[in-house]
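Chemist: My questions concern the predicted model and sequence given below.
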Amino acid sequence: MKKNIKISIGLAAAGLLTLLGLLLIELQTREASVRPFQEVAIGGAFSLTNEKGEARSEADFAGAPMLIYFGFTYCPDVCPMSLDVMGAALETLEAQNPKLFAALQPVFISVDPLRDTPEQLSEYLSYFHPKISGLTGTPEQIAMVKKAFRVYAVRRDLPEETAQDKGSYNVDHSSFFYLMDGKGRYLAHFDHGLEAQILAQKIAAKLR
Ligand code: NI
C-alpha cells in the first residue's frame, strides 16, 4: 500500500513536471514568434527633404533596405569618420555583394536642421560615397524622426573663441548605423567605430 502511494505520488510529480516543461516550451516559442518587431520599436514614418530639396517620406524608400546614420555637417570629427566608414563598407559590399549594394539605400539624416539646409547637405555629401543621400527638415520634422529612431542629440553652445568658422554650437549625438528592411522595419544597429569590412559583413549577414 505504502509502495503504491509512493509510486502514484512519483507519477503525479513526473506528470506535473512534464506539464510545466511543456508550458515553458509553449511560452518560449510564443515569445520567440512575437518578439522580432514588437519589442524593438525603432523607426517609423517620417516627412523630410533630401539634399536636392525634394520632399521624401518613408514610402519613397519602401522596397529596399536602408542604412541610416544621424549626424550634422558641422560635426568636427565623429560624423566625417562615420561617413568614411559607411563609404568604405559600401565599397566592400559593391565588390563582394553587388546585388545588395545596388539595393541598399544609405542615408545621412541631419540632427541640426537650423544649419543643415539641402544645399549644405549636398555640398557636405560630395566629400563622401556618392551613394549616400541626405535628409533634413524643419526642427519639428527632425525632432519627430529623432524620436522615432531613439536618437540622442543635444545642442551645446561653444565659447566664442572656439566657435570660429564651425558655427557657434556643436551637437552631442548618439552615433549608430541603423539597418532597416524594405518595409522600414528595424533590423539592427551597429556602432560607428566598427571597421568597414566588419560593418559590411554584418549588414550582409542581416540581409541574407
Ligand atoms: Ni557628429
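Modeler: Yep, it's here. Numbers count the residues shown, from 1 in each chain.

Chemist: contacts and neighbour counts: CA atoms only from here.
Modeler: Fine.

Chemist: confidence score at the closest residue to the ion within the chain?
Modeler: In the chain, the residue that lies nearest the ion is residue 79 (3.8 Å; Cα to the ion). Looking at residue 79, its pLDDT is 97.

Chemist: Are we agreed that it is in a helix?
Modeler: Yes: counting by DSSP: H, G, I helix; E, B strand; the rest coil, residue 79 falls inside a helix.

Chemist: burial count for it?
Modeler: Residue 79 has 20 neighbours, counted by other Cα atoms under 10 Å.

Chemist: my guess is it meets residue 86, correct?
Modeler: No: with contact defined as Cα atoms under 8 Å, residue 79 does not reach residue 86; the gap is 10.2 Å.

Chemist: which residue is nearest the centroid of the chain?
Modeler: In the chain, the residue lying closest to the centroid (Cα atoms, centre = their mean) is residue 178, at 1.6 Å.

Chemist: From residue 80, how far out is that one?
Modeler: Going from residue 178 to residue 80 by Cα to Cα, to the nearest Å gives 17 Å.

Chemist: same deal with residue 107?
Modeler: Going from residue 107 to residue 80 by Cα to Cα gives 14 Å.

Chemist: Touching the host helix or strand of the residue nearest to the centre of the chain from outside, list them.
Modeler: Element membership for residue 178, per DSSP states H and E: strand 176-180. With Cα atoms under 8 Å, 6 or more residues apart in numbering as the test, strand 176-180 has contacts from 65-70, 186-192, 203.

Chemist: cool, and stretch 95-105?
Modeler: 61, 64, 65, 66, 67, 90, 93, 94, 131, 132, 204.

Chemist: Among those residues, which ones are in strands?
Modeler: The strands, defined by DSSP state E, take in 66, 67 from the contacts of stretch 95-105.

Chemist: Rebuild the contacts of stretch 95-105 as JSON lines, extending it with pLDDT and neighbour count.
Modeler: Converted to JSON lines, the contacts of stretch 95-105 look like this (pLDDT from 0 to 100; neighbours: other Cα atoms under 10 Å):
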{"residue": "61", "pLDDT": "98", "neighbour count": "16"}
{"residue": "64", "pLDDT": "98", "neighbour count": "16"}
{"residue": "65", "pLDDT": "98", "neighbour count": "23"}
{"residue": "66", "pLDDT": "98", "neighbour count": "24"}
{"residue": "67", "pLDDT": "98", "neighbour count": "19"}
{"residue": "90", "pLDDT": "98", "neighbour count": "27"}
{"residue": "93", "pLDDT": "98", "neighbour count": "23"}
{"residue": "94", "pLDDT": "98", "neighbour count": "15"}
{"residue": "131", "pLDDT": "98", "neighbour count": "16"}
{"residue": "132", "pLDDT": "98", "neighbour count": "20"}
{"residue": "204", "pLDDT": "98", "neighbour count": "15"}
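
Chemist: Out of the contacts of stretch 95-105, which is nearest to residue 125?
Modeler: Of all the contacts of stretch 95-105, residue 125 sits closest to residue 132, with 7.2 Å by Cα to Cα.

Chemist: mind checking how far that closest one is from residue 159?
Modeler: For residue 132, the distance to residue 159 (Cα to Cα) stands at 33 Å.

Chemist: And the protein, what are its domain boundaries?
Modeler: 1-34, 47-206 (automatic domain parsing).
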